[in-house]
Every structure is written in C-alpha cells, then in structure tokens.
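K.L.:
The following comprises the amino acid sequence and a computationally predicted model.
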Amino acid sequence: EQIEAAEIIRQAMIEHKHAVIEAGTGVGKSLAYLIPAIYSGRKVIVATSGKALQDQLFRADLPFLQAALPIGFSFAVLKGRGNYICLRKLEEEAAQQNLLGRTHDFALLLAWLEATETGDIEEMATAITGVLRGAVTSDRDECLGKDCPQRNCFYERAKARAEDVRILVVNHTLLALDCALRSRTDGFVSVLPDRDCVVCDEAHSLEETFTRAFEVEISSTGIPTLLRSKYLSECHVEGSALAATLVAGEELFTYLSKMSDERSLLAGIVQPVPERLAALAEALALRLHEVARQVGRGNPYAGNSPQGKVIENYRKRVAATAETVASIVFEDQSQVLYVEKRQGKYQSITALKRCPISVADDLRDSLFDKWPTICCSATLATSSSGDSQFEYFKGRVGLASADPLELRVGSPFDYKRHCLLYLP
C-alpha cells in the first residue's frame, strides 16, 4: 500500500498534477510522500492539521530520511509569528520585571532562552501564562521590521531558513493564511516562501481550516482588549471617547447575546441582516474610527522613530477593526452571518462571525490553480468503491473539475486481532 501511494505521488509531482489519496491506518503516508518529494528536487511545502504530526515529521521522519537516504536535502519547520520570542519585547518585559520583581514563569523563560536556538516558545518544557506569553512573543502590530534595534530576530531567522530549505513543514492554518493573503493582495503579500508543490496531509480538515482563514470575526472580548492598550494614555485619547466606544461595544454584544438565545443564524442566503444589528455595528465603527483619529493626532513620537511606528501600527489596527465592524454586516448572499457563544478561560465570549458558505472557489483560486497539490488522509472517501468515492471531498475543496490522480488503499493493520471495542 505504501509503495502504491508513493508511486502515485511521484507521478503527480513529475507531471505537475493534483492527487487525492486515502490510505488507512498503518500505511505510512508520511514516508510515502516525503521520499518522492525529496527525490523530486523541488521545493515542497508539507502542511499538516495537527501539532503531533508536524512534530513527528520534523523530529522523527525527516531526520531519519536524512540519515538513511543517499541523497542530501534540507528541511525546516515554520510556525506562526506568535510562536516566536520577540527580543525587543522581552527586553521591555525584563525592565518591568526588574522593577516589580521577577515571576517564576519569567525566570523559567530566561533559563530556557539561554539554550534555545529557535526561540519557539512551544519548545519550553513548562508552559507559561498567557499574559506573559503575549508580552514576549512576536506580534505583527508591534513589529518594527528593519527598524528594530534587535538584529537577531528569531522569527526572521525562521523565515530565512524556510526560504533556503527544500522541504518546509507548516500547519494548515499557516498555509491557509498565506493563500488568503496572496489572494487579497494579488500575490504581493505572503507569509510562506514560493514553492513548486504542496502536500496536504490530514486533508480531511482542509475545508474547515480554509473557512476559518476566510472568516471575519468580532468578539465581546476583542474590543475591550484592543482598548486596554498603554498607547491610549500616551496619545492622550479622551476618556469620554474610550467610554463611549466601550458602551457601544457592550450594546452590540448584549443584543447579539440575546439574539443567539433565539437563533444563531442572523443573515445569509435565507434572510437579510437585522436593521438593529446594522445600526449598532455602524455606531461602534464610528466610535472606533474616532479613537483611531485621536491616537494618530496624539502620537507623541516622531513618525519615523521606532516607538512612533509602533503607535502608528496600533492606530492602523484600531482603524482596521472599525472597518471590520462596519463591513461584517454587509449583505452577501455567498456568505453567512452568525453568532457564536463560547466559554473562555475566565468568561463567556459572544462572537459575530461572517464566513463563506463554501470555500471551494477560494481553495481552487488560491491553492489548486497555483501549485500541484497532493491531498492525503485516512478518511477522504464517502463511498466504498466506484468513480464517485472522492466526489464529495473534491466538490467541497474546489477539485471537482481538476481531474486529480486518485488512489484508495486499505490498511495493513489487523483490526480483528489487534482492536478492542469497549462499551462503557
């Protein structure tokens, strides 16, 4: 079974075709696509859904193949920016900790930093608090880029390694974000390097991940968190403007919370956006625009100074949030607007979300039309045999008209002898 899968993948890579492969438990899918990828001589991005498989590829399978195969190749893993320590933010946090007294978590962090080569905070043996993690990890809005005084940025080093290697391991979320950014900016903005081929393992979750990537959300905790920034006082934003914005946000999410008790679907293909919702969203958007205006007017630093750029990035973030609030309630028959209630760590969260009813066109335009893609999983087929066994999957992800190579192989695992079904 593994050799069959490897042959199909090799053919797809040589002929620049897509492939859809279902291989059951125990087949060894990872080696079936890694070996053809290595021998193809091409730049290949391997995307996984879960962290467990990502770690298996990077820490076990690829090092094993690097030692076992007669052909040399390079590989790396790249994660989202928020996984990497920002040395500038770390320095600022250290100054605060020295004033107030160092916490146990910060001491553990400093000890780990002496040994780490990657700055990937997920490598810490002991997890640190979310507040500290947010204070020391890289953040797009606070990044100074080439103007940063720290010249040994962990995230930039990880991106540089990703550019140079032949096999790059990422997760579905990062791949989806890259495709979404390229789609929205006509290819001018990306988070992943260019590639010759993409392998999507655990491809059964591809539709869900891309739906989240093309989703827009505002939440009852997101607005207050945005307005707790230290930059507001530095820019002398009026307290009345902040209070009015918080009240507008509270009114919107109180209304949404009550509506979600009656129904979660607010608008979409069957019904228009409620007028009251549109009015509340517009009021909040106007308040946020006013806060952004005052931040820009009150920025006490020179526009080209590092601190001035950080505050300008914050102003852009507030303004972008205002645009999101205003646009999320627009009528769009291809998308659905709904309320989601979930339990956070400390409080319940009400979120207003808009997402596409189908991401088939987005996936086709941003992924399958750009690069030959291998989709692998243990669960892709919806029928046991025949030409239609992958039709549902192909239709949902935009492969219906792509004529991919297809293969379905069973599992060598002896379920009857080695499986136990337990009914409590």
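P.N.:
That came through fine.

K.L.:
Go through the helix or strand hosting residue 396 and flag the buried ones.
P.N.:
Using DSSP states H and E, the element containing residue 396 is helix 391-397. For helix 391-397, burial by neighbour count (16 or more other Cβ atoms under 10 Å) applies to 393-394, 396-397. From N, CA and C alone the C-beta is placed, and that goes for glycine too.

K.L.:
again, but for stretch 119-132
P.N.:
Per 16+ other Cβ under 10 Å, stretch 119-132 contains these buried residues: 119-121, 124, 128, 132.

K.L.:
hmm, who's touching that stretch?
P.N.:
Contacts to stretch 119-132, defined as Cβ atoms under 8 Å, 6 or more residues apart in numbering, come from residues 51, 79, 83-85, 93, 103, 105-106, 108-109, 112-113, 116, 133, 136-137, 154-155, 157-158, 345.

K.L.:
that older thread, restricted to helices, list the buried residues of stretch 119-132.
P.N.:
In this view, the buried residues of stretch 119-132 that belong to helices under DSSP state H are residue 132.

K.L.:
Just flag the most distant two among the buried residues of stretch 119-132.
P.N.:
Maximum pairwise distance among the buried residues of stretch 119-132 (Cβ to Cβ): 15.8 Å, between 120 and 132.

K.L.:
tally of neighbours for residue 146?
P.N.:
6 (other Cβ atoms under 10 Å).

K.L.:
Which strand or helix spans residue 314?
P.N.:
helix 306-327.

K.L.:
contacting residues around the helix holding residue 396?
P.N.:
20, 203-204, 206-207, 210, 358-360, 363-364, 368, 375, 380-382, 399-400, 402, 404.

K.L.:
Can you tell me which helices and strands the next helix or strand after that helix packs against?
P.N.:
Once helix 391-397 ends, the next helix or strand along the chain (criterion: DSSP H and E) is strand 405-409. Applying 3 or more Cβ pairs under 8 Å, 6 or more residues apart in numbering; DSSP states H and E, one finds that strand 405-409 makes contact with helix 2-15, strand 19-23.

K.L.:
Quick check: which ranges of the stretch 251-400 of the chain have low pLDDT?
P.N.:
By pLDDT under 70, the low-scoring segments of the stretch 251-400 of the chain are 261-271, 303, 331, 384-387.

K.L.:
in this structure, which spans are strands?
P.N.:
For the chain, the strands defined by DSSP state E occupy 19-23, 44-48, 75-77, 167-171, 197-200, 216-219, 265-267, 335-343, 348-356, 373-377, 405-409.

K.L.:
name the helices or strands packed onto the first one?
P.N.:
Right, the one you point to is strand 19-23. Counting by 3+ Cβ pairs under 8 Å, 6+ apart, strand 19-23 packs on helix 2-15, helix 29-40, strand 373-377, strand 405-409.

K.L.:
tell me how far the longest one is from the chain's mean position?
P.N.:
When you say that, I think you mean helix 2-15. Offset of helix 2-15 from its chain centre (Cα atoms, centre = their mean, to the nearest Å): 29 Å.

K.L.:
Show me the contact partners of it.
P.N.:
Against helix 2-15 from outside (Cβ under 8 Å, 6+ apart): 17-19, 21, 23, 27-29, 31-33, 35-37, 39-40, 42, 44, 197, 199, 372, 374, 376, 404-405, 407, 409.

K.L.:
Excluding chain neighbours, what is closest to the residue nearest in space to the middle of the chain?
P.N.:
A centroid search over the chain (Cα atoms, centre = their mean) returns residue 173, at 3.5 Å, as the residue closest to the centre. Nearest-residue entry for residue 173: residue 209, 5.9 Å, with adjacent residues in sequence omitted and distances by Cβ to Cβ, 6 or more residues apart in numbering.

K.L.:
What residues does that neighbour make contact with?
P.N.:
Applying Cβ under 8 Å, 6+ apart to residue 209 gives the contacts 49, 172-173, 175-176.

K.L.:
Looking at those, spot the one nearest residue 349.
P.N.:
Of all these, residue 349 sits closest to residue 173, with 19.7 Å by Cβ to Cβ.

K.L.:
For the closest one, list the residues it contacts.
P.N.:
By Cβ under 8 Å, 6+ apart, the contact list for residue 173 reads 80, 209, 212-213.

K.L.:
so of the residues you listed, which ones are in helices?
P.N.:
Per DSSP H, these map to helices at 209, 212-213.

K.L.:
Show me which of those is closest to residue 224.
P.N.:
For the ones in helices among the contacts of residue 173, the closest approach to residue 224 (Cβ to Cβ) belongs to residue 212, at 22.8 Å.

K.L.:
now do the same end-to-end measure for stretch 289-305.
P.N.:
24 Å (Cα to Cα, to the nearest Å).

K.L.:
rewinding a little: let's see the ChimeraX selection covering just the buried ones among the contacts of stretch 119-132.
P.N.:
Only the buried entries of the contacts of stretch 119-132 go into this ChimeraX selection, using 16+ other Cβ under 10 Å:
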select :79,83,84,85,93,105,106,108,109,112,113,133,136,137,154,155,158
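
K.L.:
Restricted to helices, list the contacts of stretch 119-132.
P.N.:
Per DSSP H, helices hold the following members of those: 51, 93, 105-106, 108-109, 112-113, 133, 136, 154-155, 157-158.

K.L.:
May I see those residues organised as CSV, with distance to residue 354 added?
P.N.:
Listed next are the ones in helices among the contacts of stretch 119-132 as CSV, based on distance: Cβ to Cβ, whole Å:
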residue, distance to residue 354
51, 28
93, 35
105, 37
106, 39
108, 40
109, 37
112, 40
113, 40
133, 29
136, 33
154, 34
155, 30
157, 36
158, 32
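
K.L.:
if we take those, which one ends up nearest to residue 252?
P.N.:
Using Cβ to Cβ, the ones in helices among the contacts of stretch 119-132 come closest to residue 252 at residue 133, 28.8 Å.

K.L.:
State the distance from residue 234 to residue 34.
P.N.:
Distance, residue 234 to residue 34, by Cβ to Cβ, to the nearest Å: 50 Å.

K.L.:
again with residue 81
P.N.:
Taking Cβ to Cβ, one finds residue 81 at 26 Å from residue 34.
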